[in-house]
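# I would like the atomic coordinates for the input below:
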Amino acid sequence: GDAPRRSRRALGMRSTLVIVQLALSVVLLCGGTLFARSLRAAPLADLEFDAVNRVVLSVNLDLQGYSKERGVSFYRNVRSQIGRLPSVDRAAWGFPLPFDTYYRSISLYVDGLTTNPDQRTVNVQMSVVDTGFFDVMGIRHLAGRALGVQDSVGAPLGMVINRTAAARLWPGVDPVGRRA
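Modelled structure (predicted):
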């Protein structure tokens, strides 16, 4: 009496485990295939900057207890010293860098942009860079003026945006000279 019931239950449990194993195998196979395709396509992606012959150094001065003034001095000094190395053509700093795992964001108010009636600002990711950053990274300047020494600490803020931000913040309008 009990033996057939137990064997049916065991058979049902085995069948369930086999089905779960097959389902997981299909998921892993699909995930592996998609990963392999992405890996193959990665070198063909347009990064919008030149990644060849670039070296990146990451330093977090907040963790070292640097004041803002001491940090600015440190970055200028390091950039100057690295720029004097015989094998270095140009040097610049920026934070965070493209594809960094850390990001900064800022809320901008853009006159005429309606995002949410309760919220009059739009949140965008940002980087802080020095005057030579775009040139060193091989990022093309499309319109407006380049950052220069007039945009250093204490000066009115300058802003450089990409095409995606321009289309989002000022759709159908030339963004050069606009304020946010």
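
# Now residue 72: phi and psi?
In terms of degrees, to the nearest 10, the main-chain angles of residue 72 are phi -60, psi -40.

# wouldn't residue 102 be in contact with residue 96 here?
Yes: the pair residue 102 and residue 96 qualifies as a contact (CB atoms under 8 Å) at a distance of 4.9 Å. C-beta: built from backbone N, CA, C; applies to glycine.

# what stretches of this protein score poorly on pLDDT?
For the chain, applying pLDDT under 70 flags the ranges 1-8, 10, 51, 114-118.

# biggest helix in it, by residue count?
For the chain, the longest helix by residue count, based on DSSP state H, is helix 2-41.

# Show me what that helix is packed against.
For helix 2-41, the contact count by 3 or more CB pairs under 8 Å, 6 or more residues apart in numbering; DSSP states H and E identifies no helix or strand as a packing neighbour.

# Strands of this structure, start to end?
94-95, 104-108, 122-126, 128-129 (DSSP state E).

# so of those, which one's packed in deepest?
Of all these, strand 94-95 has the most neighbours on average by mean count of other CB atoms under 10 Å, namely a mean of 16.

# Identify the residues contacting that one?
104, 127, 128, 129, 130, 133, 137 (CB atoms under 8 Å, 6 or more residues apart in numbering).

# Out of those, the closest to residue 150 would be?
Set against residue 150, the nearest of the contacts of strand 94-95 by CB to CB is residue 130 (12.9 Å).

# Was I right to think that closest one contacts residue 83?
No: counting by CB under 8 Å, residue 130 sits too far from residue 83 to count as a contact (11.2 Å).

# These two: who's more crowded?
Using other CB atoms under 10 Å as the criterion, residue 130 and residue 83 rank with residue 130 on top: 19 against 14.

# any idea how far the spatially most central residue of the chain is from residue 78?
Centroid-nearest residue in the chain, with CA atoms, centre = their mean: residue 99, separated by 3.9 Å. Counting by CB to CB, to the nearest Å, the separation of residue 99 from residue 78 is 22 Å.

# Next, the buried residues of stretch 44-55.
When neighbours are counted by 16 or more other CB atoms under 10 Å, the buried residues of stretch 44-55 are found to be residue 49.

# Could you give the separation of that stretch from the chain centroid?
14 Å (CA atoms, centre = their mean, to the nearest Å).

# Could you tell me the end-to-end distance of that stretch?
One end of stretch 44-55 sits 20 Å from the other (CA to CA, to the nearest Å).

# Residues contacting that stretch, please?
98, 136, 137, 138, 139, 140, 162.

# For residue 60, state which of the residues you listed is nearest.
For the contacts of stretch 44-55, the nearest to residue 60 is residue 98 (17.6 Å; CB to CB).
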